[in-house]
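Undergrad: sharing a model prediction with you, sequence too.
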Amino acid sequence: MEDMVPELVDRVLRGKRVVLAVSGGRDSMSLLHAAHARARASIACVATFDHATGAHAAESVALVRGVAARLGLHFVTERASTTMRTEAEWRAQRWSFLHRTARECDARVATAHTRDDQLETVLMRTMRGSGARGLAALRAETSIARPLLESSRENLAAYAARARLEWVEDPGNARPDHLRNRIRHDLLPALARAAPSLATNLLALGERAATLRAEVEALVVRELSLVHRGGAVIVARDSMARFDADALALLWPAVAAYAGATLDRRGTDRLVAFTISERSGARIQLSGGFEVVAHRDSLILRRAATNPASGALSLHGSISFGNFRFHARDEDVVSLWSAKLPAKKTLTVRTWHSGDRMIPAGGDVRRVKGLLRDAGIDAASRSAWPVVLADDEIVWVPGVRRNSAASARSGRPMVTYHCERIDR
């Protein structure tokens, strides 16, 4: 059965451009060997993340570096910048490195995940009460290539032995404080003794969940006409109103993924109830720093606003103010997110206050609150929206309006500022 390893690698990787994620362990060294033998032209580089956890981590990096050099493959590595203690921290830094490397190489990541990894992941997510989206686990359609997902660890062990491969055993794989290790070494063997068909049933569950996940994602694209504005995702309320609670519970996790949010069961249930309630102007907080706002005819899923700095900040050079960033750059003013400001006046930025007024260029005195409302800024965002003052006069509401003082005038020294939202 070990002969299937090269065939799987050839079938999945040929014609693609990939970054091989190689840790130095047996499975990933098998992937490296098979990929070089059967899909050499597909390999953009070999990438190894150094977890900085001790001698074995350094040994792993050295092994992969040496093998890649002997095979004539480009090798890249990155060392963890901070000491990590949890599986989640290791995973986040490792995947950040791999995704960044793939972007730089104009490629996709390829991993050595096996059928056993899928089995463990499905069981873990079942224990956590995941929905269909989560239960798809490694079978979910993503940009990541997993050519060995049809192979077992046993097959890879036989392949590595026959090819006389070198690898480094990670002592972390035996640590009982890692949930996956307890599932691998204790729980799954015990469950298999009590229910011999469990593994087959869990793998079948993952397959069905992956199929359903793909169908839901296709439905979202076909029926919901999502609008992407920066990092926010906007969906029409009437398009969601056509679905009942069960359907919404399937749709919302797929919609949230476009904004980079992962919904747990509790968040999904709360969001379904919020959608059905149709309370315009309301919002709910979700885990991971996200929120959903009901604004006019839309539901907006985005990162929640952070509290802006208290009081006013001097506007000089580049500064961050809440979810906004200001830069002084000598570039053209092309939108209401830019303004030419009088350089000889004291420039400050603060959140708008009730009763604030300004004179928009070419207009009469207006309340800032009304300007924000007219610009379609929802109530949740309005509360933290900045205004820029020249001395004591409001001259610019970024993204909304400027007054005549924030316009270029011959003979007056001006400084051009650009504002951007950093929550999108």
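TA: That came through fine. Note that the coordinates shown come from a computational prediction; the quantities given were computed from them, not determined experimentally.

Undergrad: show the model's pLDDT score for the residue nearest the centre of the chain.
TA: Geometric centre of the chain, nearest residue: residue 260, 4.2 Å, by Cα atoms, centre = their mean. Looking at residue 260, its pLDDT is 89.

Undergrad: where do the helices of the stretch 301-424 of the chain begin and end?
TA: 368-374, 379-382 (DSSP state H, counting those that start in this stretch).

Undergrad: for the residue nearest to the centre of the chain, list the residues it contacts.
TA: residue 231 (Cβ atoms under 8 Å, 6 or more residues apart in numbering). Every residue, glycine included, has its C-beta placed from N, CA and C.

Undergrad: what about it, distance to residue 301?
TA: According to Cβ to Cβ, to the nearest Å, residue 260 stands 10 Å off from residue 301.

Undergrad: again, but for residue 380
TA: 12 Å.

Undergrad: the two - which one has more neighbours?
TA: residue 301 (24 against 19; other Cβ atoms under 10 Å).

Undergrad: wait, doesn't that one sit right on residue 292?
TA: Yes: checked against Cβ atoms under 8 Å, the pair residue 301 and residue 292 is within contact range at 4.9 Å.

Undergrad: low-scoring stretches of the stretch 151-300 of the chain, by residue?
TA: For the stretch 151-300 of the chain, the stretches with pLDDT under 70 are 278, 280-281.

Undergrad: that one: helices as residue ranges?
TA: With DSSP H, counting those that start in this stretch as the criterion, the stretch 151-300 of the chain has helices spanning 153-162, 179-182, 188-194, 198-223, 237-240, 245-257, 265-277.

Undergrad: quick one, which of the ones you listed gets closest to residue 51.
TA: helix 179-182 (15.2 Å; Cβ to Cβ).

Undergrad: wait, residue 181 sits on residue 175?
TA: Yes: Residue 181 lies in contact with residue 175 (Cβ under 8 Å); the separation is 5.8 Å.

Undergrad: between those two, which has more neighbouring residues?
TA: For residue 181 versus residue 175, neighbours defined as other Cβ under 10 Å are more numerous around residue 181 (16 against 12).

Undergrad: just the CA atoms of stretch 234-254, as PDB, please.
TA: Coordinates of each C-alpha in stretch 234-254 appear next as PDB, following Å, rounded to 0.1, in the frame of the first residue of the first chain:
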ATOM      1  CA  ILE A 234     -22.600  43.100   3.700                       C
ATOM      2  CA  VAL A 235     -25.700  41.100   3.000                       C
ATOM      3  CA  ALA A 236     -29.200  42.400   2.100                       C
ATOM      4  CA  ARG A 237     -31.700  41.700   4.900                       C
ATOM      5  CA  ASP A 238     -34.400  40.700   2.600                       C
ATOM      6  CA  SER A 239     -32.200  38.000   1.000                       C
ATOM      7  CA  MET A 240     -31.700  36.400   4.400                       C
ATOM      8  CA  ALA A 241     -35.400  36.800   5.300                       C
ATOM      9  CA  ARG A 242     -36.300  34.100   2.800                       C
ATOM     10  CA  PHE A 243     -34.600  31.400   4.900                       C
ATOM     11  CA  ASP A 244     -35.800  29.700   8.100                       C
ATOM     12  CA  ALA A 245     -33.700  29.300  11.300                       C
ATOM     13  CA  ASP A 246     -32.200  26.000  10.300                       C
ATOM     14  CA  ALA A 247     -31.100  27.300   6.900                       C
ATOM     15  CA  LEU A 248     -29.700  30.500   8.500                       C
ATOM     16  CA  ALA A 249     -27.700  28.400  10.800                       C
ATOM     17  CA  LEU A 250     -26.000  26.800   7.800                       C
ATOM     18  CA  LEU A 251     -25.600  30.100   5.800                       C
ATOM     19  CA  TRP A 252     -24.200  32.400   8.400                       C
ATOM     20  CA  PRO A 253     -20.900  30.500   9.100                       C
ATOM     21  CA  ALA A 254     -20.200  30.500   5.400                       C
END
